[in-house]
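J.: Using only what follows, build the 3D model:
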Amino acid sequence: MSDWKKDIATHHHQFEAGIWDESQADKNPILQFEKWFGVAMEQKVLEENSFVLSTATRNGMPSARVVLLKGVDTKGFLFFTNYESRKGIELLENPVASMTFYWPTLHRQIRIEGVVEKVTEKESKEYFHSRPIASQAGAWISPQSKTIATRTELEEKHASFLKEHENKEIPTPEHWGGYRIIPKHLEFWQGRTNRLHDRIAYTLEAGKWRIYRLAP
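T.: Numbering: from 1, shown residues only. This is a model prediction of the structure:
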């Protein structure tokens with residue numbers, strides 16, 4: 001067995017998957033995101049729509065977790081969750097967030113920062129009813145981020161809810177729905193050799209996107 005505590009300091013990987021230049025960047029960062037995301041799907045990157053969502057309390061204490069991207073439109077990026085969860089409470093107190101996508105097989109990372117708004121009730125209902133029935137039930141019975149006694153209790157509630165709603169449409173919970181992150185800053189990172197990575201950033205200034213290169 002290797003001594004990982006010793007090895008971790010010297011462990012590294014040489015990035016040689018491609019180059020990333022300002023001349024390749026779309027003027028619209030959401031369109032650029034769609035191009036890179038399309039490549040991730042074509043290359044069958046595992047869980048290509050997973051990203052780290054970072055939020056913070058009103059006092060600036062951060063927290064992060066992995067969630068799934070569920071849509072992209074001209075305004076921004078969509079995900080869905082329990083409004084009463086830790087992230088939901090933090091977004092209520094401090095409606096800003098960052099997203100980080102990392103696709104190691106492509107040697108690519110995308111960072112997105114912006115303000116957050118709830119999606120419409122119609123959008124939440126449409127997505128909720130597209131989910132598997134078992135997932136719909138889970139949104140009802142799980143008090144997300146709250147302390148629970150045992151897993152058995154959770155599973156029993158889930159089974160009971162499904163039995164009670166057998167052959168019935170499950171309504172969308174009032175405590176559950178979607179958010180849209182409206183981007184103000186994005187960074188597209190391409191791993192390169194010798195740690196001289198390509199970093200092309202977009203920042204919204206006076207309603208227009210400024211595109212520029214960052215040092216690795």
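J.: can you pull the contacts of residue 71?
T.: 77, 78, 127 (C-beta atoms under 8 Å, 6 or more residues apart in numbering). C-beta: built from backbone N, CA, C; applies to glycine.
J.: Sort the residues you listed by pLDDT and name the bottom one.
T.: Lowest-confidence member of the contacts of residue 71: residue 127, scoring 94 (pLDDT).
J.: so how far is residue 16 from it?
T.: Distance of residue 127 to residue 16, computed by C-beta to C-beta, to the nearest Å: 39 Å.
J.: ok, now residue 77?
T.: Residue 77 is 29 Å from residue 16, by C-beta to C-beta.
J.: So which of the two has more stuff around it?
T.: Neighbours were counted for residue 77 and for residue 16 using other C-beta atoms under 10 Å; residue 77 has more, 24 against 10.
J.: In the sheet, which residues pair with that one? Tell me.
T.: Taking DSSP bridges as the rule, residue 77 bridges to residue 72, residue 181.
J.: picking up where we left off before, okay if I get the contacts of residue 71 as JSON lines plus distance to residue 153?
T.: Listed next are these as JSON lines, based on distance: C-beta to C-beta, whole Å:
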{"residue": "77", "distance to residue 153": "34"}
{"residue": "78", "distance to residue 153": "32"}
{"residue": "127", "distance to residue 153": "28"}
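J.: What is the nearest of these to residue 188?
T.: Taking C-beta to C-beta as the measure, residue 188 lies nearest residue 77 of the contacts of residue 71, at 14.3 Å.
J.: quick one on the thing from earlier: ok, so of the contacts of residue 71, who is nearest residue 68?
T.: Nearest to residue 68 among these, with distances taken as C-beta to C-beta, is residue 78, at 10.1 Å.
J.: residue contacts, the closest one?
T.: Counted by C-beta under 8 Å, 6+ apart, residue 78 has contacts 69, 70, 71, 72, 119, 123, 178, 179, 180, 181.
J.: Could you check how far residue 171 is from residue 74?
T.: For residue 171 relative to residue 74 (C-beta to C-beta), the value is 30 Å.
J.: which of these two has more neighbours?
T.: residue 171 (12 against 7).
J.: Name the SS class of that one, please.
T.: Assigned by DSSP: H, G, I helix; E, B strand; the rest coil, the conformation of residue 171 is coil.
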